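Engineer: Using only what follows, build the 3D model:
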Amino acid sequence: MRSSRASGSAAASSRTPSSSSERRPLASPEELSAYLGVPLGTLYSWNHRGIGPKATKVGRHLRYRWEEVEVWLDSRTTDHDAA
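Structural biologist: Here you go, the predicted structure:
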């Protein structure tokens, strides 16, 4: 029985997501507002309307993954040379 526990724990650790030291901290609405240069109310409005960067609810707080912000920004980028 002990050997199966040990192998089960090794398998579980191999499925563990990357360590927290490799992850970027989540952005607060205040941080994202400053980063984007838009009013805080605009972020809340975008979230309510579903048109801004994807937000994650952590308890009652909105938080943003920087990767999602970058994806959203890339989708909003225009190419003026294409016209």
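
Engineer: Past the lowest-mean-pLDDT helix or strand in the chain, which element shows up next along the chain?
Structural biologist: The weakest-scoring helix or strand in the chain, judged by mean pLDDT, DSSP states H and E, is helix 2-14 (a mean of 49). Sequence-wise, the next helix or strand downstream of helix 2-14 (DSSP states H and E) is helix 29-36.

Engineer: quick check: mean pLDDT across that next one?
Structural biologist: For helix 29-36, the mean per-residue pLDDT is 97.

Engineer: so how far is E22 from L43?
Structural biologist: 26 Å (CB to CB, to the nearest Å). In short, each C-beta sits where N, CA and C put it, glycine included.

Engineer: between these two, who's got more neighbours?
Structural biologist: L43 (21 against 7; other CB atoms under 10 Å).

Engineer: helix or strand for the more buried one, which one?
Structural biologist: helix 40-49.

Engineer: what does the next helix or strand after that helix rub up against?
Structural biologist: Counting by DSSP H and E, the next helix or strand C-terminal to helix 40-49 is strand 55-58. By CB atoms under 8 Å, 6 or more residues apart in numbering, the residues outside strand 55-58 that reach it are L26, N47, L62, R63, Y64, R65.
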